[in-house]
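*Asks:* Quick one: sequence and predicted model below, then my questions.
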Amino acid sequence: MQPILDFTARRGHWLAFPAGLLLALAFAPTNVVALAFLCPALLFLLWQGAAPRAAAWRGFLFTGGTFLAGTYWIYHSVHLIGQAPIWVALFLMLGLVAIMGAYSALLGYVAARWGAARGLARWVILLPVGLVFTEWVRGWFLSGFPWLALGYSQLDTPLAAYAPLGGVYAVSLAVAVTAGSLTTLLLGDRRERIAGVVVLGVVWVCAFAAGTVQWTRPRGTEVSVALVQGAVPQSMKWAPGQREHTMNLYLEMTRPYFGTQIIVWPESAIPALANDVGEYLDQVRALAASKGSALITGLVRRDPATGNYYNAMAAFSPQEQWYYKRRLVPFGEFFPVPPMVREWMRLMNLPYSDFDAGPADQPPLAAGGETLAPTICYEDAYGVEQLGIVRNSTLLVNVTNDAWFGDSSAPHQHVDISRMRSLETGRPMLRATNDGVTALIAYDGSVLGELPQFQPGVLTGSVTPRVGLTPYVRFGNWPVLALLYAGLIAGFAIGRPRRKEAK
């Protein structure tokens, strides 16, 4: 294997970036699943024998490439849809890419400086565990951005069975350990290769076994649902004179489906403050109640008690209930900058809005005789934050407006995130979007039905509510974190010290 290592030593910097770009193809909408194993394995190979600074640079280029290819849609939403200046869009997009790359740069440096130099302790323990640990950290640190975790690439493979056990990071760990085993088969001696095959077999056999277990059980009979997709372009949504058209659109699209047990409209379906369209909402609410339907819709609301503005979800069943979005989008729903900078942004006519975050502890919404765990937009990417409300729910509901991302990969990546939440919790999800991907998702993460993007329509179907708690809902990320901490300790404690010349 020495010729391979000599080549990667000479060309490692040139290989890291395209390898990272290729990893983005493992995620939706392309879903080239094999790249989720091969690209991290190549990164581990590029780190082998590299000095700390070289390893840091290669880690930065690799993950930077993944996020450049995987989140290019930030430029689309900020500049093309939000109409911010190009330099602002590039700054936000490339800033995120640089931050994400910095996590892998730190991992590469630390592993090269203090970790095991070679062998199972490095390839199957330290590097896979370190990779998933950085995924977990970037998912919450400085508000967090839990996008493109390796586990999201495995929704349609046997490894998805780890999700109800330990969440998306358990699936990521299985992917990373598989990549480490492949690296061992390439670089290890005979004994290490045998051990690598054993580890590979254990990971996949256990996944097949876990896939035979149903962690939750059906409760009651099926519930009929209708998910309404208005497909109003974002460029028109808040335009003067558009409000009446949109209000009529949603009412007329829904009218034939009154009588369905649960009807869901997307995030901010009506382009107005809920406080300003009370008469309209009362009309829709009365029509729904007269036919025995519960209506759930996203709305912007000024809370009458506090005067704060919220990105909210209302349930009319027929009593009025509200859920306020807890996890806001930086630079989209609030600007994490000092007041003086915020005022400058107003003068520059940049897209500006500041919502308040809802309370962390909110009850489920009652609708159609069921209890629903709500999420709005991308807050469903923060799975562990939903576990408290999920424990008392029988269904999940997500309303979002992915029109901000146009015909990019973002809406497809987002629906996979929703699928993972269903798989983790063992509960079906009702997912209504403005222009796609509106989907009905089963408790096992499979898609029961979806609407074409950018076309108005109503997705109808039925779901069976479920009760019971998966291990992940019971314990959250703690079991996986325990494995990660143990793996980091082992990876740094086992194996020979780094050579003194590798600095």
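*Replies:* Arrived safely. Numbering: from 1, shown residues only.
*Asks:* From here on, just use CA atoms for contacts and neighbour counts.
*Replies:* Noted.
*Asks:* Provide a list of residues in contact with Pro359.
*Replies:* 324, 326 (Cα atoms under 8 Å, 6 or more residues apart in numbering).
*Asks:* what about it, helix or strand, and which?
*Replies:* Using DSSP states H and E, Pro359 sits in no helix or strand.
*Asks:* What distance do you get for it to Ala439?
*Replies:* Remark: distance between Pro359 and Ala439 (Cα to Cα, to the nearest Å) = 27 Å.
*Asks:* quick one: low-confidence parts of this protein?
*Replies:* The chain contains residues with pLDDT under 70 at 1-12, 331-353, 495-503.
*Asks:* ok, which stretches of it are strands?
*Replies:* 217-218, 223-229, 262-264, 294-302, 309-316, 320-324, 365-367, 370-376, 395-400, 429-433, 439-441, 447-450, 457-463, 466-467 (DSSP state E).
*Asks:* Now do the longest one: which elements does it pack against?
*Replies:* In this case it means strand 294-302. strand 262-264, helix 278-290, strand 309-316 (3 or more Cα pairs under 8 Å, 6 or more residues apart in numbering; DSSP states H and E).
*Asks:* make it 6 Å
*Replies:* Where contact means 3 or more Cα pairs under 6 Å, 6 or more residues apart in numbering; DSSP states H and E, strand 294-302 is packed against strand 262-264, strand 309-316.
*Asks:* got a markdown table for those, with distance to Tyr382 too?
*Replies:* Compiled in a markdown table, those are given as follows (distance: least, Cα to Cα, whole Å):
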| stretch | distance to Tyr382 |
| --- | --- |
| strand 262-264 | 22 |
| strand 309-316 | 17 |
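*Asks:* Which of these sits closest to Leu96?
*Replies:* When these are compared by Cα to Cα, strand 309-316 sits nearest Leu96, at 24.1 Å.
*Asks:* Quickly note the distance from the spatially most central residue of the chain to Pro359.
*Replies:* In the chain, the C-alpha nearest the mean C-alpha coordinate belongs to Ala381, at 3.5 Å (Cα atoms, centre = their mean). Here Ala381 is placed at a distance of 18 Å from Pro359 (Cα to Cα).
*Asks:* next one: Ala36
*Replies:* 37 Å.
*Asks:* you'd agree Phe60 is up against Gly101?
*Replies:* Yes: between Phe60 and Gly101 there is a contact under Cα atoms under 6 Å: 4.2 Å.
*Asks:* that older thread, quickly compare the strands of the chain and say which is most buried.
*Replies:* strand 429-433 (a mean of 30; mean count of other Cα atoms under 10 Å).
*Asks:* Walk me through which strands it pairs with, and which way each runs.
*Replies:* Its sheet considered, strand 429-433 pairs with strand 395-400 (parallel), strand 439-441 (antiparallel) by DSSP bridges.
*Asks:* Also compute the angle for the longest one relative to strand 294-302, please.
*Replies:* I take that to be strand 395-400. 50 degrees (axes from the mean of the first three to the mean of the last three Cα atoms, to 10 degrees).
*Asks:* other SSEs contacting the longest helix along the chain?
*Replies:* If you go by DSSP state H, the chain has its longest helix at helix 86-114. Judged by 3+ Cα pairs under 6 Å, 6+ apart, the packing partners of helix 86-114 are helix 52-70.
*Asks:* so how far is the helix it packs on off the chain centroid?
*Replies:* On the basis of Cα atoms, centre = their mean, to the nearest Å, helix 52-70 is displaced by 21 Å from the centre of the chain it belongs to.
*Asks:* With stretch 123-135 instead?
*Replies:* Using Cα atoms, centre = their mean, the offset of stretch 123-135 from its chain centre is 20 Å.
*Asks:* So what's the residue count around the nearest residue to Leu299 once chain neighbours are set aside?
*Replies:* In space, and not counting its chain neighbours, Leu299 is closest to Ser268: 4.2 Å by Cα to Cα, 6 or more residues apart in numbering. Ser268: 24 surrounding residues under other Cα atoms under 10 Å.
*Asks:* contacting residues for Ser268?
*Replies:* Ser268 makes contact with 298-300, according to Cα atoms under 6 Å, 6 or more residues apart in numbering.
*Asks:* between those, which is closest to Leu448?
*Replies:* After measuring those against Leu448 - Cα to Cα - the closest member comes out as Gly298, at 22.6 Å.
*Asks:* The closest one contacts Glu267, doesn't it?
*Replies:* Yes: using Cα under 6 Å, Gly298 is in contact with Glu267, at 4.0 Å.
*Asks:* Give me the common contacts of the two.
*Replies:* By Cα under 6 Å, 6+ apart, no residue touches both Gly298 and Glu267.
*Asks:* Run through the bridge partners of Val225.
*Replies:* Ile262, Gly461.
*Asks:* Roughly how far does it sit from Tyr280?
*Replies:* Distance from Val225 to Tyr280, by Cα to Cα: 22 Å.
*Asks:* cool, Ala269 as well?
*Replies:* From Ala269 to Tyr280 the distance is 13 Å (Cα to Cα).
*Asks:* between these two, who's got more neighbours?
*Replies:* Ala269 (27 against 14).
*Asks:* which residues touch the more buried one?
*Replies:* Contacts of Ala269 were listed using Cα under 6 Å, 6+ apart, and they are Gly298.
*Asks:* And Arg427, by the same measure?
*Replies:* 395, 443, 466.
*Asks:* same thing but at 10 Å, please
*Replies:* Shown in contact with Arg427 (Cα atoms under 10 Å, 6 or more residues apart in numbering): 216-218, 372-373, 390, 393-396, 419, 421, 441-445, 463-470.
*Asks:* Can you give me the domain assignment for the protein?
*Replies:* 2-214+477-493, 217-469 (automatic domain parsing).
*Asks:* on that earlier part again, out of the strands paired with strand 429-433, which gets nearest to Asn275?
*Replies:* Of these, nearest to Asn275 by Cα to Cα is strand 395-400, at 19.6 Å.
*Asks:* now the angle between strand 457-463 and the closest one, please.
*Replies:* 170 degrees.
*Asks:* From the chain's centroid, how far away is strand 395-400?
*Replies:* Centre to centre, stretch against its chain (Cα atoms, centre = their mean), the figure for strand 395-400 is 14 Å.
*Asks:* Ala116 reaches Trp47, doesn't it?
*Replies:* No: Ala116 is beyond contact range of Trp47, at 11.9 Å (criterion: Cα atoms under 10 Å).
*Asks:* Wait, Leu182 touches Leu38, no?
*Replies:* Yes: using Cα under 10 Å, Leu182 is in contact with Leu38, at 8.0 Å.
*Asks:* of the two, who's got more company?
*Replies:* Shown here are Leu182 and Leu38; by other Cα under 10 Å, Leu182 has more neighbours (25 against 21).
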